[in-house]
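A.B. asks: Give me a model of this one.
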Amino acid sequence: MNPSGENGGNSGRTRKLLIFLAKLIVSAGLIGFLLSRLSLAEISHAMESPRWGWLLASLAVYGLSAFGGALQWSWILKMAGITAPRREIQRLYFIGLFFNNFLPANIGGDAYKIVDLGRQEHRPHGVFCATLLDRLIGLGALTFLGVLVLTGASVAGIPLPNITLVLIPILVMLFMILAFLLSRRIGTQLPGLFRRLKMERLAGQLGKITIEFGLYRPKVRWLNGIFLFSVLVQFLRLATHLLVALGLGFSLSPEQALQLLVLIPLVAISLTLPITINGIGLRESVSAELFTSAGIAAGPAVAMGVAAYLVQVVFSLQGGILLWLGKWSRPTGNGN
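C.D. replies: Alright, predicted model coming up:
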């Protein structure tokens with residue numbers, strides 16, 4: 001018997017339940033607040049006459065971006081010395097997409113990928129660092145695109161809300177985080193600092209992480225190439241939203257399209273906040289608030305956000321199929 005271990009397990013489960021309930025309350029509150037300002041009829045009316053050709057095109061473009069994302073993750077893993085076949089990496093990436101959309105957690109998909117591939121490769125810290133680097137580069141590329149279009153829009157005199165200026169410090173912060181993680185000085189000094197604070201276990205974990213990040217440190221040209229590729233992947237994901245808008249019958253002017261290319265990254269960045277269930281409520285509220293500045297009414301703006309999310313959900317269903325098939329095709333750990 002291990003009462004302390006059992007109590008610790010119960011405490012962990014209780015904490016997870018409380019976090020889930022808190023997120024559920026926030027999601028419900030945001031949806032309630034949104035519906036106090038809008039009626040469901042306004043939202044559903046914007047989805048009454050879908051143009052299936054454009055919607056199928058949005059699904060195809062999102063799928064292309066997902067394959068690009070899987071390829072990006074595989075390149076980063078390969079640079080770290082992870083030898084898993086690209087097919088297995090792609091399988092885990094799509095399962096991660098499925099978990100991101102169907103598990104009540106913002107990082108469920110990443111956690112699954114790290115645990116599964118880390119166990120296969122006996123390199124949990126290596127997979128963790130590669131996945132974190134992949135996430136940061138992707139978010140940095142998306143923010144960079146937003147800042148780039150924001151600059152062009154400002155030069156062209158296209159109006160945008162002041163909140164879009166927050167993209168600039170976010171981009172700076174992301175590059176600072178990457179520089180911090182890849183810094184040789186910090187990588188050598190941080191574990192020692194925690195050892196002096198008598199936090200040996202944390203110091204040991206940080207030591208392993210800094211060693212893993214050290215593998216990328218001399219690969220500056222390669223990292224720049226990965227970033228440029230990520231810019232292309234993120235542009236495809238932005239294009240998915242524009243195609244969804246066309247699929248709902250919106251007539252977007254070139255000016256509105258440029259405005260959305262700045263506003264959509266803000267919506268995506270807001271969804272990294274772990275305060276709701278899979279972004280439900282937050283996505284719709286932020287879309288309604290931001291897209292109106294591009295001349296899109298609140299109801300259609302919410303419909304656009306929901307439809308773009310549904311495109312991602314539909315594509316990610318294949319991850320669930322791959323997970324189910326994997327239960328039957330993959331060998332068990334004991335070899336029996």
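A.B. asks: Can you read off the pLDDT for the spatially closest residue to I280 that is not a sequence neighbour?
C.D. replies: Nearest non-adjacent residue to I280, counting by Cβ to Cβ, 6 or more residues apart in numbering: S27, 4.6 Å away. For every residue, glycine as well, the C-beta is placed using N, CA and C. pLDDT recorded at S27 is 88.
A.B. asks: Tell me which helix or strand S27 sits in.
C.D. replies: helix 3-37 (DSSP states H and E).
A.B. asks: Any idea how far that helix is from the middle of the chain?
C.D. replies: 21 Å (Cα atoms, centre = their mean, to the nearest Å).
A.B. asks: Not counting the helix or strand harbouring I89 itself, show me its contacts.
C.D. replies: In this assignment (DSSP H and E), I89 forms part of helix 86-102. Residues outside helix 86-102 that contact it (Cβ atoms under 8 Å, 6 or more residues apart in numbering): 66-67, 69-71, 73-74, 77, 82, 106, 108-113, 116-117, 120, 278, 312-313, 315-320, 322-323, 326.
A.B. asks: What distance do you get for the residue nearest to I280 to Q312?
C.D. replies: 17 Å (Cβ to Cβ, to the nearest Å).
A.B. asks: For the helix holding I89, list every residue counted as buried.
C.D. replies: 88-101 (16 or more other Cβ atoms under 10 Å).
A.B. asks: Repeat that for stretch 151-159.
C.D. replies: 153, 158.
A.B. asks: again, but for stretch 276-284
C.D. replies: 276-284.
A.B. asks: hmm, back to that, hmm, which of the contacts of helix 86-102 are the buried ones?
C.D. replies: Among the contacts of helix 86-102, the ones that count as buried by 16+ other Cβ under 10 Å are 66, 69-71, 73-74, 77, 82, 106, 108-110, 112-113, 116-117, 278, 312, 315-316, 318-320, 322-323.
A.B. asks: Show me the residues you listed that map onto helices.
C.D. replies: Among the buried ones among the contacts of helix 86-102, DSSP state H puts 66, 69-71, 73-74, 77, 108-110, 112-113, 116-117, 312, 315-316, 318-320, 322-323 in helices.
A.B. asks: Specify the local secondary structure of M47.
C.D. replies: coil (DSSP: H, G, I helix; E, B strand; the rest coil).
A.B. asks: Repeat that for the one 10 residues further on.
C.D. replies: Look at A57: counting by three-state DSSP, its state is helix.
A.B. asks: Excluding chain neighbours, give the residue nearest to it in space.
C.D. replies: Counting by Cβ to Cβ, 6+ apart, the residue nearest A57 is L243, at 5.1 Å.
A.B. asks: And that neighbour, how far from Y216?
C.D. replies: Taking Cβ to Cβ, one finds L243 at 34 Å from Y216.
A.B. asks: Pick out whichever of those two has more residues nearby.
C.D. replies: L243 (23 against 20; other Cβ atoms under 10 Å).
A.B. asks: Between the two ends of stretch 271-281, what distance do you get?
C.D. replies: Distance between the two ends of stretch 271-281: 10 Å, counting by Cα to Cα, to the nearest Å.
A.B. asks: quick one: contacts of it?
C.D. replies: Counting by Cβ under 8 Å, 6+ apart, 20, 23-24, 26-31, 34, 100-107, 139, 282-283, 309 sit against stretch 271-281.
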